[in-house]
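Asks: Need a 3D model of the following:
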Amino acid sequence: MFRNNPYISILKLKGSVVDMSVVAVTCAVLGIWDYRAAVAIISGIMIHSGCDIINDIYDVEIDKICKPNGAISSGRISMKNAWIYMLLLFSAALILSFSLSLILFTCFLIYIIVGGVMYSHPSFRFKDIPGVAMADMALCFALESIGVWSIYSTVNEDALMIAIYVFVLVFSLTFMKDFKDVAGDINSLPLMLGIPRAAKVCSVLTIFPLIPLMYAITKYHYLSLAAVIYAILIAGCIKILVNDPVTDGNRLKNRMIMALTVPNFAMLFVKVVLPL
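Replies: Just a heads-up that it's a prediction; the model follows:
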């Protein structure tokens, strides 16, 4: 029933697991987990979902061809209701975030502008510029980590370290999602470089998140498990990239999401859950 509800399907909640993992890694380093983290996750998911709705609004004509079953492109949600729904999500998220931290509120406001308006609006359309699109998404998640940190502590070098790790992680891995949609894309890394060369570039990029992660391990040794898990998951991604990333595009994207999230959840489990 929920899957067929257009007001649920339009939220694209599968991608929001990244928001959850950002909160997880931030709280893991802080060594804290309470109701405020849950509220931050809910707020982040609403911001992320609202940005996805903005994208669907501006892509409605394209989606009528490429994604005819989409909530807006199929007509199950009118354009007017999509705008109202998006504004309600943003308003609720900003109110919740303001109750937690002014910095979190500010970070989410920037998230909306950069990850929603500038990513999708025809005047900017960052989503159509390979590299810029990934940097846009990475910046949004990095800001989210800083905002969550500010709920519990003053933003310091450790907060920036986590934000850099999140930025590099998201930027380095999200290029992989382009292989799944290469047939319908207008501009993407596989189209610019060709599939074999783009696959090699993506394979090299997977190494970069290990740099801030290894630095973090020198200060927080319990993060070592996350590095091991990341390496295992990335090995699976590289195997697909080397073989046939287009045919296995959906599997590659799923592996990518796991690499983006599972190590972060492992950090939280080791630092916060196990000691309980």
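Asks: Would you state the helices of the stretch 151-276 of the chain in chain order?
Replies: Secondary structure of the stretch 151-276 of the chain (DSSP state H, counting those that start in this stretch): helices at 157-173, 189-193, 195-205, 210-219, 224-243, 249-268.
Asks: Residue 67: which of those helices is closest?
Replies: Closest of the helices of the stretch 151-276 of the chain to residue 67 is helix 249-268, at 14.6 Å (criterion: C-beta to C-beta). For the C-beta atoms, the positions are set from N, CA and C on the backbone; glycine is no exception.
Asks: other SSEs contacting the closest one?
Replies: helix 17-30, helix 157-173, helix 224-243 (3 or more C-beta pairs under 8 Å, 6 or more residues apart in numbering; DSSP states H and E).
Asks: out of those, deepest packed?
Replies: Neighbour counts averaged per stretch over those are highest for helix 17-30, at a mean of 24; criterion: mean count of other C-beta atoms under 10 Å.
Asks: on that earlier part again, select, out of the helices of the stretch 151-276 of the chain, the one closest to residue 65.
Replies: Set against residue 65 and scored by C-beta to C-beta, the helices of the stretch 151-276 of the chain come closest in helix 189-193, at 17.9 Å.
Asks: In the closest one, which residues are buried?
Replies: Neighbour-count burial for helix 189-193 flags 189-190 (criterion: 16 or more other C-beta atoms under 10 Å).
Asks: could the helices and strands packed on helix 249-268 go into CSV alongside distance to residue 133 and mean pLDDT?
Replies: Below are the helices and strands packed on helix 249-268 laid out as CSV (distance: least, C-beta to C-beta, whole Å; pLDDT from 0 to 100):
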stretch, distance to residue 133, mean pLDDT
helix 17-30, 15, 95
helix 157-173, 10, 96
helix 224-243, 19, 94
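Asks: Adding distance to residue 148, write those helices out as a markdown table.
Replies: Below are the helices and strands packed on helix 249-268 laid out as a markdown table (distance: least, C-beta to C-beta, whole Å):
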| stretch | distance to residue 148 |
| --- | --- |
| helix 17-30 | 5 |
| helix 157-173 | 9 |
| helix 224-243 | 17 |
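Asks: Of all these, which one is nearest residue 193?
Replies: helix 224-243 (12.7 Å).
Asks: what's the closest one packed up against?
Replies: By 3+ C-beta pairs under 8 Å, 6+ apart, helix 224-243 packs against helix 195-205, helix 210-219, helix 249-268.
Asks: May I have that helix as CSV, with CA atoms only?
Replies: Coordinates of each C-alpha in helix 224-243 appear next as CSV, following Å, rounded to 0.1, in the frame of the first residue of the first chain:
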residue,chain,number,x,y,z
SER,A,224,39.6,0.7,11.9
LEU,A,225,36.7,-1.7,11.4
ALA,A,226,35.0,0.9,9.1
ALA,A,227,38.1,1.0,6.9
VAL,A,228,38.1,-2.8,6.6
ILE,A,229,34.4,-2.9,5.7
TYR,A,230,34.9,0.0,3.2
ALA,A,231,37.7,-1.8,1.5
ILE,A,232,35.6,-5.0,1.2
LEU,A,233,32.6,-3.2,-0.2
ILE,A,234,34.7,-1.1,-2.6
ALA,A,235,36.4,-4.3,-3.9
GLY,A,236,32.9,-5.4,-5.0
CYS,A,237,32.3,-2.1,-6.8
ILE,A,238,35.6,-2.2,-8.6
LYS,A,239,34.9,-5.8,-9.7
ILE,A,240,31.7,-4.6,-11.4
LEU,A,241,33.4,-1.5,-12.9
VAL,A,242,36.1,-3.7,-14.4
ASN,A,243,33.6,-6.1,-15.9
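Asks: hang on, the earlier thing: so for residue 83, which of the helices and strands packed on helix 224-243 sits nearest?
Replies: Of the helices and strands packed on helix 224-243, nearest to residue 83 by C-beta to C-beta is helix 249-268, at 28.5 Å.
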